[in-house]
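1. Next come a sequence and a model predicted from it.
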Amino acid sequence: MGFDKIINNQLKFKQMINDIISQGKELLSEKLKETVGLKDNQIDTTLETAGESTVEVLKDEVTGGNLNGVLDLFNGKSETTKSNPIVDEIAKKFISSLVSKLGIDEGIASKASDIILP
């Protein structure tokens, strides 16, 4: 596979993740405000961070040779909960990034993770 094709596929994948997050943004926004206590100005950063963390971990998994694990995640052949090592890694990356970006407590970031990630 050529470099241009790899870049194009990464962009398509990132767009797919962003589309999924955008579709759930309204529902997630209200739930994050009510359950976690995030403010309006923190919601966009939280959702963007969820997308970035997901893309980064999945990219690392694929480039590390775990393409089948990623495909299994998307085609229903593996758990989509944190019992799956890939989902667990996404959650860890998301929580760490959210604490860093928003300066919130890890417990609050973990609650946000529970809402956004399966």
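-> Structure's in. What do you need?

2. just checking, what packs against whichever strand or helix holds Gly107?
-> Using DSSP states H and E, Gly107 sits in helix 106-116. Counting contacts by 3 or more Cβ pairs under 8 Å, 6 or more residues apart in numbering; DSSP states H and E, helix 106-116 packs against helix 3-31, helix 40-63, helix 85-102. From N, CA and C alone the C-beta is placed, and that goes for glycine too.

3. Find the least confident helix or strand in this protein, judged by mean pLDDT.
-> helix 3-31 (a mean of 73; mean pLDDT, DSSP states H and E).

4. confidence score at Gly103?
-> Among the per-residue scores, Gly103 holds a pLDDT of 95.

5. how close does it sit to Phe94?
-> Remark: distance between Gly103 and Phe94 (Cβ to Cβ, to the nearest Å) = 15 Å.

6. more neighbours, these two?
-> Of the pair Gly103 and Phe94, Phe94 is the one with more neighbours under other Cβ atoms under 10 Å, namely 25 against 8.

7. isn't that one right up against Asp114?
-> No: Phe94 lies out of contact with Asp114 (Cβ atoms under 8 Å); the separation is 10.6 Å.
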